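Colleague: Show me how the following folds:
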Amino acid sequence: MRTLDEVRATLQIAKLKEEDLQAVTHCLSFGENASSGDYSLMELDDTLCRHIEAGKSLTIRGDKDEHAVLCSEDKTYDLKIADTSNLLLFVPGCRTPDQLGDHPKHPQLVHAQIWGYASSYWELKRQRPKLKKLKKLLMESPYTGPPVGTEEEAPENKFTMEDFLERIQASREEIEAHLQKIHACEIDGYWRILDFDYDLKLLGHVTQLVDSESWSFSRVPLRTCLEELGPLEPTAMIEHCLNCYGRRCNTEEGEVVYALDEDKVCRAMAQMLLQNAVKFNLSEFQEVWQQSVPEGMGTRLDQLRGLALVDRNSRPETISLLRVEDLPEETLERFNALFSMREKWTHDDIEPYIQDLCGEKQTTGALLTKHARSSMQNGVKVYNSRRPVAT
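Modeller: This is a model prediction of the structure:
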């Protein structure tokens, strides 16, 4: 081990003044088992540091064919290796100047042993959760209603929350929020997504009851719904339908009532009509659509943002089904898919299909500036691809 005299001699050779340096000098030496393969470094921001210091965990998720991500309880981070030209040393017990307390008046020597080293570290960057796979897994076994008679459902292709945490690249909170968004529910311990036809069947029961009882759409009583519709469908499914298409609240008398969401109900009926046609004459669709929704509800095209696409340039004007969840998750692939369908887009048309790509504090305008080129067409600003479109 080096002595203080040897350190001073080294300083003299390096032409460094002792008074310009800290009073405490660390002399480092490699331990017998020091290796670059035993440790990995990860750079954390203040939020994740506090997360770890609070005793919480971070989880790395991803299948063999996926790029790994790191998840906290509520956020997802991209993991990338960052190389550094400086060798990073792991020195347990090594103290920085601010940890030394009172500065000693006389030079001191502290011997520390290097346990490991690395020339790279993991760098984290917030990213959108990858949730498309979640619906894909659920669609392997959609729920079509309770088994009939002695019929039993096969246990295959059913998933618990633990299964999702193993296979979906997202945090628990992000997974739970998406399950709610896609109208999934837990049945017998497994998360299921309702078959669309069965979902509409439940909604039809509810809206028909509202009509027959002359209730207001803003005041649908839960207890009466369950009593009247219980013989037709499981009460848990009726309540789930009300949760999906309405807002739950309590009256002053303590009764649970639901306010049906006009936009959600109209949107569901539009999807039913559009999924059976490649293209629909717009004016004919609007007429049939209005007829298909419960009396007293009004249909508007803005209810179909991210669900259907109107072609104003065709004659006659047409509308077709285009769900944002059916498009690629990755930004470049999403823009490529959109510009493959249509060479030029107006801002109003493309916005619903790229809004979910925006990161924190990012706008659709910023995304379009990066991935599209704007021009004027008949006095209207339109966007086309900056890159050649892969077909």
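Colleague: Paired strands for the worst-scoring helix or strand of the chain on mean pLDDT, with orientation please.
Modeller: Least confident helix or strand, the chain: strand 24-35 with a mean of 79, by mean pLDDT, DSSP states H and E. With DSSP bridges as the test, strand 24-35 is paired with strand 108-126 (parallel).
Colleague: Convert the helix or strand just after the partner strand to PDB, retaining C-alpha atoms only.
Modeller: Counting by DSSP states H and E, the next helix or strand C-terminal to strand 108-126 is helix 132-138. In PDB, the C-alpha atoms belonging to helix 132-138 read as follows (Å, rounded to 0.1, in the frame of the first residue of the first chain):
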ATOM      1  CA  LYS A 132     -51.200  -3.400 -27.700                       C
ATOM      2  CA  LYS A 133     -50.100  -6.900 -26.700                       C
ATOM      3  CA  LEU A 134     -52.500  -6.700 -23.800                       C
ATOM      4  CA  LYS A 135     -55.600  -6.600 -26.000                       C
ATOM      5  CA  LYS A 136     -54.100  -9.200 -28.300                       C
ATOM      6  CA  LEU A 137     -53.800 -11.700 -25.500                       C
ATOM      7  CA  LEU A 138     -57.300 -11.000 -24.200                       C
END
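Colleague: other SSEs contacting helix 132-138?
Modeller: If contacts are counted by 3 or more CB pairs under 8 Å, 6 or more residues apart in numbering; DSSP states H and E, helix 132-138 sits against helix 161-167, helix 172-181, strand 190-193. From N, CA and C alone the C-beta is placed, and that goes for glycine too.
Colleague: Not counting the helix or strand just after the shortest one itself, show me its contacts.
Modeller: What it means is strand 190-193. Using DSSP H and E, the helix or strand that follows strand 190-193 towards the C-terminus is helix 196-213. Applying CB atoms under 8 Å, 6 or more residues apart in numbering, the contact partners of helix 196-213 are 142-145, 183, 194, 215, 217, 220, 224-225, 228-229, 232-233, 237-238, 240-242, 244-245, 260, 265, 268, 271-272, 275, 294-295.
Colleague: Name the residues of helix 196-213 that are buried.
Modeller: Buried residues in helix 196-213, counted by 16 or more other CB atoms under 10 Å: Tyr198, Asp199, Leu200, Lys201, Leu202, Leu203, His205, Val206, Thr207, Leu209, Val210.
Colleague: Surely Thr3 and Cys27 touch.
Modeller: No: if you go by CB atoms under 8 Å, Thr3 and Cys27 don't touch, sitting 9.2 Å apart.
Colleague: Who has more neighbours out of these two?
Modeller: Ranked by neighbour count (other CB atoms under 10 Å), Thr3 and Cys27 place Cys27 first, with 15 against 10.
Colleague: C-alpha coordinates for stretch 285-303, PDB please?
Modeller: Below are the C-alpha coordinates for stretch 285-303, written out as PDB (Å, rounded to 0.1, in the frame of the first residue of the first chain):
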ATOM      1  CA  PHE A 285     -74.400   6.100 -42.700                       C
ATOM      2  CA  GLN A 286     -75.400   9.200 -40.700                       C
ATOM      3  CA  GLU A 287     -79.000   8.500 -41.300                       C
ATOM      4  CA  VAL A 288     -78.800   4.800 -40.300                       C
ATOM      5  CA  TRP A 289     -76.600   5.600 -37.300                       C
ATOM      6  CA  GLN A 290     -79.000   8.200 -35.900                       C
ATOM      7  CA  GLN A 291     -81.800   5.600 -36.200                       C
ATOM      8  CA  SER A 292     -79.800   2.900 -34.400                       C
ATOM      9  CA  VAL A 293     -79.100   4.900 -31.200                       C
ATOM     10  CA  PRO A 294     -81.700   5.200 -28.400                       C
ATOM     11  CA  GLU A 295     -84.300   7.900 -28.900                       C
ATOM     12  CA  GLY A 296     -83.200  11.100 -27.300                       C
ATOM     13  CA  MET A 297     -79.500  10.700 -28.100                       C
ATOM     14  CA  GLY A 298     -77.800  12.600 -30.900                       C
ATOM     15  CA  THR A 299     -75.000  11.400 -33.200                       C
ATOM     16  CA  ARG A 300     -72.100  13.600 -34.300                       C
ATOM     17  CA  LEU A 301     -69.100  12.800 -36.400                       C
ATOM     18  CA  ASP A 302     -66.700  14.100 -33.700                       C
ATOM     19  CA  GLN A 303     -67.800  11.200 -31.500                       C
END
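Colleague: Which per-residue confidence value corresponds to the residue nearest the centre of the chain?
Modeller: Nearest to the mean C-alpha position of the chain, by CA atoms, centre = their mean, lies Pro129 at 3.3 Å. pLDDT recorded at Pro129 is 93.
Colleague: isn't it right next to Ala170, touching?
Modeller: Yes: taking contacts as CB under 8 Å, Pro129 lies within contact range of Ala170: 3.3 Å.
Colleague: shared neighbours of the two, which are they?
Modeller: Thr76, His178.
Colleague: Check which residues of stretch 157-169 are buried.
Modeller: Neighbour counts over stretch 157-169 (16+ other CB under 10 Å) mark Lys158, Phe159, Met161, Phe164, Ile168, Gln169 as buried.
Colleague: list the contacts for the last one?
Modeller: Contact analysis of Gln169 by CB under 8 Å, 6+ apart lists Arg61, Gly62, Glu66, Val69, Cys71, Thr76, Pro129, Lys130, Lys133.
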